[in-house]
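Visitor: fold the following.
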Amino acid sequence: MDDHAEYVGDIRELKGKRALVRPDATYDLDISERTLLAQFDDPNLVHPHTRVALGFNWHVFSVKDFKLLVVVHV
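Guide: So this is what the prediction gives:
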């Protein structure tokens with residue numbers, strides 16, 4: 001199941017950007033070693049260092065780089 005999250009990691013250009021996130025195979029590891037898969041909402045967003053398009057496909061990030069957002073359905 002995918003969750004909505006906001007990037008809060010160290011990459012300045014990504015701070016505040018929202019993404020869908022999902023657990024990966026590291027889910028059972030200690031939180032300091034755990035990663036997740038992210039697909040950013042903005043289809044034009046590119047990673048500032050690798051120039052990879054982050055709005056397409058899934059990309060590995062540390063779980064500490066994101067805070068989960070609560071989606072309220074009314």
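Visitor: from here on, just use CA atoms for contacts and neighbour counts.
Guide: Will do.
Visitor: give the contact list for Val46.
Guide: By CA atoms under 8 Å, 6 or more residues apart in numbering, Val46 lies in contact with 52-55.
Visitor: between the residues you listed, which is closest to Pro43?
Guide: Closest approach between the contacts of Val46 and Pro43, by CA to CA: Gly55, at 4.2 Å.
Visitor: that closest one contacts Gln39, correct?
Guide: Yes: at 5.4 Å, Gly55 counts as touching Gln39 under the criterion of CA atoms under 8 Å.
Visitor: comparing these two, which residue is more hemmed in?
Guide: Between Gly55 and Gln39, Gln39 has the larger neighbour count (other CA atoms under 10 Å), namely 22 against 19.
Visitor: what sits against the residue lying closest to Arg34 once chain neighbours are set aside?
Guide: Setting aside the residues directly before and after it, Arg34 is nearest to Thr26 in space (CA to CA, 6 or more residues apart in numbering), at 5.2 Å. Contact analysis of Thr26 by CA under 8 Å, 6+ apart lists 33-36.
Visitor: now with 10 Å, please.
Guide: By CA atoms under 10 Å, 6 or more residues apart in numbering, the residues touching Thr26 are 33-36, 63.
Visitor: how near is it to Phe40?
Guide: 20 Å (CA to CA, to the nearest Å).
Visitor: got it, and Lys64?
Guide: 16 Å.
Visitor: same check on Asp65?
Guide: For Asp65 relative to Phe40 (CA to CA), the value is 13 Å.
Visitor: any shared contact partners between these two?
Guide: Counting by CA under 10 Å, 6+ apart, the residues touching both Asp65 and Phe40 are 5-7, 14.
Visitor: which stretches of this protein have low pLDDT?
Guide: Counting by pLDDT under 70, the chain contains no low-confidence range.
Visitor: let me see the ranges of the strands in it.
Guide: 3-7, 18-23, 35-40, 59-62, 66-68 (DSSP state E).
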